[in-house]
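**Q** Sharing a model that was predicted from the sequence below.
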Amino acid sequence: MAKKQETTTNEGERRSRKEVLMARKHAQQTRQIRIGVAIVGGLLLLVFLAAAINELVIAPNRPVAIVNEEEISLKEWQARVGFERAQRIILLENQLEAFQGNVGVVQQFAGQAINDLLQAELLGQNTLNQMIDEVVIRQAAEARGITVTDADVDAEIGATFNYFGGGLPTPAPTATATVEPTPSVTPIPTAVITDVVPTSTPFPTATLGPTSTPAPTATPVSAESYQEEFGGLMAQFEDLGVSEDQYREIVRNQIYRERLIEALAEEGELAEDAEQVSFFVLQFDTEEEANESAAVIDSSDYLSVWNEIRSLPADPTSGSTAQASEVLWRTEDAVSASFGAEVTETAFALPVGEPSGVISRTVDAETTLYYLVEVTGREVRPLSASELQTKQLENLAAFIDAQLTGNLTLTEYDRGRTPTTPVLDPIFTTAPTATPVAGGG
């Protein structure tokens, strides 16, 4: 009996040891799993932290472009894109209010702003190009001792709101009148009165008309009014995530640009005048009609033909394509933009008063125009304000291109990181509601 109990006790002890060993093995496996999970979790956490640090700390400071060893960071570029988007959104919202909610009118007049906001990548690239130009401009300006103070920025911002310290802007100098030369050739009038019939009826006494109303005197903008308008604009920008400091920096860059344009024009002694011509021109759609008019000119004179064509009433059924016009004092660029290189070359080489032969100009694959011209004057004259501005901008563009040659590095780190905020309100992309037609079905 005692032996049986001892056997049972030994089996119980063996079972207990087996369970203990299994429990130990299970605990060891559980511990290993937990260690593995902890290691994987730690690695994932490290990866997440590294990604977060890269996107929030490292990436924003990485350059998207390097201009003459000066970097444009991703953060700066993204902020500028945000400003460009905000500026366009404010324009659209103001126009929507001005047109009393008529989206169709806004889409017609501000369609480019809407397209810019919808094409985020293109807007981002254009913004980067603009920032690159601004770096070159600022570097060149500072190298010439040009500075822009906070007071300059204040004055420029005030001028955009017509605020000049509570006074009126300094009047622009009055341009000196240019003495017009006596035309070498005078058009023949279509009708000339040769007989005067005497009459005993006295001429009526002229009645004095009302004195012309003078232009209204400009009213100085008060400081309070200016602050109210400027504050309203800044509130709009801040609602879209743009700070006043960023707005002021944009204005500062604009002032640098204007002052460098003036400095470069002075350095390069940019001419403010150019050779210009005036001429009569006859235009035809067919070479046959141009040759016929040229033959008539050979047998008579240019102005007789020009006046005859000019005096003909518009008649679509006549079959004639002839058109007569006069061009007064244009530069080579202006003539070329309107009539092409062929007419320009002739107009600036032909002696005054001598009719040209037929000039052929190919407009496109399907259209060829034919011209007969006669120059009436040629002299060096001052450029118009728009022509001078165009010339100055071309001079600046050439200077920037020269500065960037070999000194620009694009990292392409901006790819896929173009901001799409602030977001355009969908109302600006909806189809406008058709206006109902009175009496329509």
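**A** Here it is on my side, so go on.
**Q** need the next SSE after the helix or strand where Ser386 lies, C-terminal direction.
**A** Element membership for Ser386 (DSSP states H and E) is helix 385-404. Per DSSP H and E, the first helix or strand lying C-terminal to helix 385-404 is strand 408-410.
**Q** quick one on the thing from earlier: what sits up against the helix holding Ser386?
**A** Residues outside helix 385-404 that contact it (C-beta atoms under 8 Å, 6 or more residues apart in numbering): 67-68, 132-133, 136-137, 139-140, 257, 260-261, 264-265, 268, 270, 272, 274, 331, 333-334, 383. Just so you know, the C-beta spots here come from the backbone N, C-alpha and C atoms, and that holds for glycine as well.
**Q** go on, stretch 263-278?
**A** Stretch 263-278 is contacted from outside by 141, 144, 146, 183, 326-332, 335, 347-348, 375-383, 387-388, 391-392, 395-396, 399, using C-beta under 8 Å, 6+ apart.
**Q** What's the mean pLDDT across it?
**A** On average, the pLDDT along stretch 263-278 is 96.
**Q** pLDDT below threshold where in the stretch 201-350 of the chain?
**A** Under the criterion pLDDT under 70, the flagged ranges of the stretch 201-350 of the chain are 201-218.
**Q** about what we covered before: is it possible to mark the buried ones in the contacts of helix 385-404?
**A** Buried members of the contacts of helix 385-404, scored by 16 or more other C-beta atoms under 10 Å, are 67, 132-133, 136-137, 139-140, 257, 260-261, 264-265, 270, 274, 331, 334, 383.
**Q** Please narrow the residues you listed to those residing in strands.
**A** Per DSSP state E, strands hold the following members of the buried ones among the contacts of helix 385-404: 67, 274.
**Q** then stretch 109-116 to PDB, C-alphas only?
**A** The C-alpha trace of stretch 109-116 is given here as PDB (Å, rounded to 0.1, in the frame of the first residue of the first chain):
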ATOM      1  CA  PHE A 109     -12.300  89.500 -66.700                       C
ATOM      2  CA  ALA A 110     -10.200  87.400 -64.200                       C
ATOM      3  CA  GLY A 111     -10.000  84.100 -66.000                       C
ATOM      4  CA  GLN A 112      -6.200  84.100 -65.900                       C
ATOM      5  CA  ALA A 113      -6.200  84.300 -62.100                       C
ATOM      6  CA  ILE A 114      -8.600  81.400 -61.900                       C
ATOM      7  CA  ASN A 115      -6.400  79.300 -64.300                       C
ATOM      8  CA  ASP A 116      -3.300  80.200 -62.200                       C
END
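**Q** That one: how far from the chain's middle?
**A** 11 Å (C-alpha atoms, centre = their mean, to the nearest Å).
**Q** Residues touching that stretch, excluding its own?
**A** Outside of stretch 109-116, the residues within contact range by C-beta under 8 Å, 6+ apart are 84, 88, 91-92, 95, 107, 122-123, 424, 428-429.
**Q** Recalculate using a threshold of 7 Å.
**A** The contact list for stretch 109-116, computed with C-beta atoms under 7 Å, 6 or more residues apart in numbering, reads 88, 91-92, 95, 107, 123, 428-429.
**Q** Same question for stretch 83-101.
**A** The contact list for stretch 83-101 (C-beta under 7 Å, 6+ apart) reads 103, 105-106, 109-110, 113-114, 116-117, 123, 127, 236-237, 240-242, 246, 250, 422, 424, 428.
**Q** Okay, strands next: where are they in the stretch 1-150 of the chain?
**A** With DSSP state E, counting those that start in this stretch as the criterion, the stretch 1-150 of the chain has strands at 63-67, 70-73.
**Q** most neighbours per residue, which of the ones you listed?
**A** Greatest average neighbour count among the strands of the stretch 1-150 of the chain goes to strand 63-67 (a mean of 21), per mean count of other C-beta atoms under 10 Å.
**Q** strands paired with that one, and their directions?
**A** Strand 63-67 has its sheet partners listed here by DSSP bridges as strand 70-73 (antiparallel), strand 408-410 (antiparallel).
**Q** JSON lines for the strands of the stretch 1-150 of the chain, including mean pLDDT?
**A** Below are the strands of the stretch 1-150 of the chain laid out as JSON lines (pLDDT from 0 to 100):
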{"stretch": "strand 63-67", "mean pLDDT": "97"}
{"stretch": "strand 70-73", "mean pLDDT": "97"}
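**Q** Adding distance to Phe284, write those out as TSV.
**A** Converted to TSV, the strands of the stretch 1-150 of the chain look like this (distance: least, C-beta to C-beta, whole Å):
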stretch	distance to Phe284
strand 63-67	52
strand 70-73	54
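**Q** right, and the ones you listed - which one's nearest Thr367?
**A** With distances scored as C-beta to C-beta, the stretch of the strands of the stretch 1-150 of the chain nearest to Thr367 is strand 63-67 (42.9 Å).
**Q** quick one: Pro422 from Arg80, how far?
**A** Plainly put, Pro422 is 13 Å away from Arg80 if you go by C-beta to C-beta, to the nearest Å.
**Q** Between those two, point out the one with more neighbours.
**A** Arg80 (22 against 19; other C-beta atoms under 10 Å).
**Q** dump the residue contacts of the more buried one.
**A** Contact analysis of Arg80 by C-beta under 7 Å, 6+ apart lists 127, 131.
**Q** pLDDT at it, what is it?
**A** Note on Arg80: pLDDT of 98.
**Q** phi, psi of Tyr370?
**A** phi -130, psi 140 (degrees, to the nearest 10).
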